[in-house]
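Asker: got a predicted structure here, sequence first:
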Amino acid sequence: MSRASFDVLCGLVNKMKRADTNWRKAIKLQKRVAIALFTLGSSLKYREISELFGVGISTVCEIVYEFCEEVWKTMSAYINKLPPKKEELAGYISGFCKLGHPQCMGVIDGYHIKVRPNAAVAKEYLNNRGWYSIILLALVDYRCRFLYVNIGAPGLCNYSQTYNASALRVLLNNNELLTGYKKEIDGVEIPVYIIGDSSFEFSKSLMTPYPVSTSLTENKKQFNNKLLTCKKVVDNAFWHLKARFRRLGIGIDNRKGNAPLIIRSTCILYNFLNEINDNIDEKWLEMNQVDTNCQNPTNTVVYCDDEPFAEEIRDTLCRFSER
């Protein structure tokens with residue numbers, strides 16, 4: 001991040017500042033924040049980081065955890081975007097409308113992050129690629145900002161299960177603003193919805209592509225392509241998140257119980273930097289290829305197209321996309 005962004009961040013987490021004692025001088029706030037950021041943004045081992053900064057390995061671990069706690073306490077507003085205010089919702093929808101998706105609030109997807117679970121529960125965290133992980137499920141707006149994150153589901157779960165058990169699903173189906181904010185298209189009232197791929201369960205609040213078949217019409221194929229193109233906003237968000245915080249790409253080697261806090265903090269910092277337009281270096285994006293040696297697990301395709309009203313909404317959006 002830029003020096004200006006770093007200074008702002010230090011001001012936001014200034015409760016990390018420590019006073020000198022009669023026994024030793026405290027580590028300065030700027031150095032504590034730098035240690036935490038370098039650890040999260042680096043793929044180096046903790047031993048190497050401790051040598052670079054001239055502090056003990058345990059001190060690095062303590063500072064990282066303390067920093068993540070402070071980020072969550074003081075900066076959670078950067079990621080607690082739901083439920084939105086009316087003007088915020090209008091902004092999200094306007095952004096996706098320009099991309100050809102009226103009434104869309106965001107795009108949802110998941111990403112597996114490597115962890116080291118305890119042996120007693122390790123089986124639950126073993127994903128279908130053969131490594132241990134927890135799921136980061138995220139809803140992203142048109143500017144690739146995280147609107148909602150759900151962190152901690154075991155790698156054995158799929159994205160649809162995680163979403164169905166989430167507060168996001170409840171919000172989309174029960175929040176008065178979201179259920180009442182409708183737009184009429186071709187005589188059909190279109191509610192606020194989000195977009196996901198075929199690994200999610202199709203519903204009136206979650207639009208997914210038409211099931212692939214030989215009888216799929218050309219306009220439905222084009223509609224599917226538009227949905228998948230729109231999905232790039234969430235792909236880019238995950239890609240940029242890993243580029244800024246390379247620790248996520250190689251896996252969280254802290255205790256599994258600390259992993260959700262660390263991941264949540266990186267998402268908050270990502271939004272913080274996104275909103276102040278802090279640049280991202282292309283070299284960091286290239287380094288993703290080097291650091292990521294674990295393929296993201298595949299998800300089972302969910303076929304659930306038995307909701308007549310949801311199908312009517314999708315058909316209406318399909319016709320609208322042809323214009």
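Answerer: Done, it's in.
Asker: tell me what the biggest helix by length in the chain is packed against?
Answerer: Counting by DSSP state H, the longest helix found in the chain is helix 57-75. On a contact count with 3 or more CB pairs under 8 Å, 6 or more residues apart in numbering; DSSP states H and E, helix 57-75 meets helix 3-12, helix 29-41, helix 46-53, helix 259-275. C-betas here are computed from N, CA, C, even on glycine.
Asker: out of these, nearest to residue 211?
Answerer: Residue 211 lies closest to helix 259-275 among these, at 31.9 Å (CB to CB).
Asker: kindly format the C-alpha coordinates of the closest one as PDB.
Answerer: The C-alpha trace of helix 259-275 is given here as PDB (Å, rounded to 0.1, in the frame of the first residue of the first chain):
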ATOM      1  CA  ALA A 259      -7.900 -18.400  10.500                       C
ATOM      2  CA  PRO A 260     -11.400 -16.800  10.100                       C
ATOM      3  CA  LEU A 261     -10.200 -13.700  11.900                       C
ATOM      4  CA  ILE A 262      -7.100 -13.400   9.700                       C
ATOM      5  CA  ILE A 263      -9.100 -13.900   6.500                       C
ATOM      6  CA  ARG A 264     -11.800 -11.500   7.600                       C
ATOM      7  CA  SER A 265      -9.200  -8.800   8.300                       C
ATOM      8  CA  THR A 266      -7.700  -9.200   4.900                       C
ATOM      9  CA  CYS A 267     -11.100  -8.700   3.300                       C
ATOM     10  CA  ILE A 268     -11.600  -5.600   5.400                       C
ATOM     11  CA  LEU A 269      -8.200  -4.200   4.400                       C
ATOM     12  CA  TYR A 270      -8.900  -5.100   0.700                       C
ATOM     13  CA  ASN A 271     -12.100  -3.000   0.800                       C
ATOM     14  CA  PHE A 272     -10.300  -0.200   2.600                       C
ATOM     15  CA  LEU A 273      -7.700   0.000  -0.100                       C
ATOM     16  CA  ASN A 274     -10.300  -0.400  -2.800                       C
ATOM     17  CA  GLU A 275     -12.300   2.500  -1.500                       C
END
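Asker: which residues are contacting it?
Answerer: 1, 5, 9, 40, 64-65, 67-69, 71-72, 75-76, 78-79, 113, 115, 134, 136, 138, 143-146, 149, 151-152, 237, 240-241, 244-245, 247-248, 252, 254, 280 (CB atoms under 8 Å, 6 or more residues apart in numbering).
Asker: strands paired with the strand ranked longest in the chain, and their directions?
Answerer: Ranked by residue count and defined by DSSP state E, the top strand of the chain is strand 104-114. Partners of strand 104-114 in the sheet, by DSSP bridges, are strand 133-140 (antiparallel), strand 193-195 (parallel).
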